[in-house]
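*Asks:* Model the following, please.
(chains A and B)
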Amino acid sequence: MTTLRILLVGGLMSYRAMFNWLSPWILIPSMIVSPICQILLFAYIGRSAGVGNDEFYVMGNALNYAAIPCLFAMSATIEGEREGRTLSVVLTTPAARIPLFLGRALPVIVNGWAVAMVGVVFGLLVLDVHIPGSSWPALLLVITVASASCTGLGLAMGAVALRVREGAVLGNVLFCLLLVFSGVSVAVDDLPGWMAAVSPWFPLTHAIEAAREVADGAALADVIGLVVREIGVGALYAAAGLLLLRWLEDQSRRHATLERV
Amino acid sequence: MKQLLRQQLVCYRLQLKVITTSWFDGALAVFFPLMFATATLLIYGVRDDPEAMQFAGLGAAIMGMWTCQGVIASSLLTRERWAGTLELVVAAPTSMGRVLVPTTLALSTIGLYTVVATILWERWVFGLELRIESWPLFVTSVLASALTLAQFGFFLAVTAVRYRASWSLGAALEYPGWLLCGFVIPVATLPDWLHPLSWSIPTTWAMEAVRESAGGGSPWRDLLVCLVLGSAYAVLASFLGRQLVDSARRHATLALT
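*Replies:* Now for the predicted structure:
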């Protein structure tokens, strides 16, 4: 019961306390205006270049922008403890680390999902995107998986942020790498060979491919392989994040650098 | 006059040092647009059309200048607020505009660096050699773009003085700027109702001048409009800056976080 409380209540409280982007002055420009504008940018580039269609860019960029809250909110819920001088308190509690940090990931997954949905709904309303009604349940699931997978990367980034003090820079660099490598605006098949080779190891790659297929009318069963691989990639990053947290926590204690800002 | 020039030079050098040593304002301001330029060139590269690549390559080279200015300039005064130095800047005998303009010029200098970095990136990674018919005119157009962006950045900086989270506003301006200024898509492809907005930004004219000079045409008309518009924004910023700061002082809201 205590573990469940730490996971759900503790996670939600940390998210609300640490992620200061929830103010409407930040939330609206960052999580509504920007994803829409990124979709428009690439949809227009695609039209101008005569490559792909609106649906291709809406799916890719809507899911790509889910990475913003997943990376920044996840690292904020860890890094924010250090800035608030509460990290040592958190780490000395008897609470188990896994529910402590995974609990913080749950609201972030919902946040990422919502941001991706803003983009998808915008595409439906304004651009040339049509998604069959029967595809919606599968699409919502794929977007949830994409968001969870990115949050796994965010957990790893949050762990690294215990050592690297430039969390905002790191988050933007990862976001850019996802943009270029995950098939967001260029199909993985059209990427240069070496980029296509590393692409499957990035979160979002499989989810974006699955979302595009589902939006074209494919059933969940047709993309289940992609969904499972996306879950696998996300789990890999989450596991790496938890291990990194444990190791960096240990290192920070050893070198007395836990709360050095 | 000598005193003014000295103050501008000292302020410019100091701000340039601050910016270049910042991972966020320096390195990321180059990396972020470079990755978007990469994505753009990958899209245009699918069709393997040299003309399209020339169009995208030129725009991708210039679009980083917008990032350096738009994103960071919007939050210049907020950063002063965070650092607790906004009151000092406002209360100093040197006007706020005389402090902000060299700062936005320093940001434009980083923007010039992104132009060079992106041109080299395009050449080394994509094998794209931009065809520039007139290098002197091209360089003049790029410099005019940097100068007018600094003036536009000054406008952004002062208008966002009351916006506590202006960094998010600056970040949200990034994509609209890339769209509206016609860096990587022709302005004509945008909806008609957006055209006046596009042409009211000096950078749109600067981008046209860059394309004209690269294509062997005359960029002078575009450069003239670009410089007039940039100056108009600077004058407006100077006026608004005084009004907004006076208002913030009157209501004692200058330094509230």
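*Asks:* Spell out which residues of the stretch 151-257 of chain B are next to chain A.
*Replies:* The stretch 151-257 of chain B has residues B:163-165, B:168-169, B:171-172, B:174-176, B:178-179, B:184-186, B:189-190 near chain A, with proximity defined as C-beta under 8 Å from any C-beta of the partner chain. C-betas here are computed from N, CA, C, even on glycine.
*Asks:* Please pick the buried ones from those residues.
*Replies:* Buried members of those, counted by 16 or more other C-beta atoms under 10 Å in any protein chain shown: B:163-165, B:168-169, B:171-172, B:174-176, B:178-179, B:184-185, B:190.
*Asks:* ok, and the closest non-adjacent residue to A:E79?
*Replies:* A:A161 (4.4 Å; C-beta to C-beta, 6 or more residues apart in numbering or on different chains).
*Asks:* The one you found: neighbour count?
*Replies:* For A:A161, the count of nearby residues is 23 (other C-beta atoms under 10 Å in any protein chain shown).
*Asks:* A:R85 versus that one, what's the distance?
*Replies:* A:A161 sits 16 Å away from A:R85, going by C-beta to C-beta, to the nearest Å.
*Asks:* Where does the stretch 101-250 of chain A get nearest to chain B, which residue?
*Replies:* Ranked by C-beta to the nearest C-beta, the top residue of the stretch 101-250 of chain A for proximity to chain B is A:C176, at 3.6 Å.
*Asks:* buried stuff in the helix or strand harbouring that residue?
*Replies:* A:C176 is part of helix A:167-181 when elements are defined by DSSP states H and E. Residues of helix A:167-181 classed as buried by neighbour count (16+ other C-beta under 10 Å): A:167-176, A:178-181.
*Asks:* which residues sit against that helix?
*Replies:* A:64, A:67-68, A:71-72, A:75-76, A:79, A:150, A:153, A:157, A:160-161, A:164, A:184-185, A:191, A:195, A:198-199, A:202-205, B:23-24, B:27-28, B:31-32, B:35-36, B:38-39, B:42 (C-beta atoms under 8 Å, 6 or more residues apart in numbering or on different chains).
*Asks:* Could you list the low-pLDDT ranges of the stretch 1-150 of chain B?
*Replies:* The model of the stretch 1-150 of chain B has no residue with pLDDT under 70.
*Asks:* What segments of it are helices?
*Replies:* B:2-20, B:28-46, B:50-66, B:72-74, B:76-83, B:86-91, B:96-126, B:135-159 (DSSP state H, counting those that start in this stretch).
*Asks:* Distance check, the residue of the stretch 101-250 of chain A closest to chain B against B:L28.
*Replies:* For A:C176 relative to B:L28 (C-beta to C-beta), the value is 9 Å.
*Asks:* Ok, B:L34 next?
*Replies:* Counting by C-beta to C-beta, the gap from B:L34 to B:L28 is 10 Å.
*Asks:* now do B:I72
*Replies:* 10 Å.
*Asks:* Who has more neighbours out of these two?
*Replies:* B:I72 (29 against 22).
*Asks:* what's the more buried one in contact with, if anything?
*Replies:* With C-beta under 8 Å, 6+ apart, B:I72 has these contacts: B:I19, B:D25, B:A29, B:L107, B:G153, B:G170.
*Asks:* Most neighbours among the residues you listed, which one is it?
*Replies:* Counting by other C-beta under 10 Å, top hit in these: B:G153 with 31 neighbours.
*Asks:* That residue against B:W66, yeah?
*Replies:* No. The pair B:G153 / B:W66 is not scored as a contact, 9.8 Å apart, by C-beta atoms under 8 Å.
*Asks:* ok, back up a step: winner for burial among the helices of the stretch 1-150 of chain B?
*Replies:* Of all the helices of the stretch 1-150 of chain B, helix B:72-74 has the most neighbours on average by mean count of other C-beta atoms under 10 Å in any protein chain shown, namely a mean of 27.
*Asks:* hmm, back to that, can I assume the residue nearest to A:E79 is in contact with A:S75?
*Replies:* Yes. Counting by C-beta under 8 Å, A:A161 touches A:S75, with 4.7 Å between them.
*Asks:* contacting residues for A:L8?
*Replies:* By C-beta under 8 Å, 6+ apart, the neighbours of A:L8 are A:G103, A:L106.
*Asks:* what do you get for B:V142?
*Replies:* B:I62, B:L112, B:V115, B:V210.
*Asks:* how close does it sit to B:V245?
*Replies:* In terms of C-beta to C-beta, B:V142 sits 33 Å off from B:V245.
*Asks:* And A:G52, by the same measure?
*Replies:* From A:G52 to B:V245 the distance is 47 Å (C-beta to C-beta).
*Asks:* Close to chain A: what parts of the stretch 1-150 of chain B are there?
*Replies:* Contacts of the stretch 1-150 of chain B with chain A, taken as C-beta under 8 Å from any C-beta, map to B:23-24, B:27-28, B:31-32, B:35-36, B:38-40, B:42-44, B:46-47, B:52, B:56.
*Asks:* Please give me every residue in contact with the residue of the stretch 1-150 of chain B found nearest chain A.
*Replies:* The stretch 1-150 of chain B approaches chain A most closely through B:M35 (3.6 Å), counting by C-beta to the nearest C-beta. For B:M35, the contacting residues are A:C176, A:L177, A:L179, A:V180, by C-beta under 8 Å, 6+ apart.
*Asks:* Likewise for A:A66?
*Replies:* With C-beta under 8 Å, 6+ apart, A:A66 has these contacts: A:G112, A:W113, A:V115, A:A116, A:I143, A:A146, A:S147, A:C150.
*Asks:* right, and the last one touches A:E230 too?
*Replies:* No. With contacts defined as C-beta under 8 Å, A:C150 does not count as touching A:E230, sitting 9.8 Å away.
*Asks:* Need the residues touching each of those two.
*Replies:* By C-beta under 8 Å, 6+ apart, the residues touching both A:C150 and A:E230 are A:P203, A:L204.
*Asks:* which of the two has more neighbours?
*Replies:* Remark: of A:C150 and A:E230, A:C150 carries more neighbours, 36 against 27, as counted by other C-beta under 10 Å.
*Asks:* coming back round to it: quick one: mark the members of the contacts of A:A66 that sit in helices.
*Replies:* In helices, judged by DSSP state H, the following of these are found: A:G112, A:W113, A:V115, A:A116, A:I143, A:A146, A:S147, A:C150.
*Asks:* From the chain's centroid, how far away is the one helix or strand A:Y57 maps to?
*Replies:* Assessed by DSSP H and E, A:Y57 sits inside helix A:54-83. Centre-to-centre, helix A:54-83 and its host chain are 4 Å apart (C-alpha atoms, centre = their mean, to the nearest Å).
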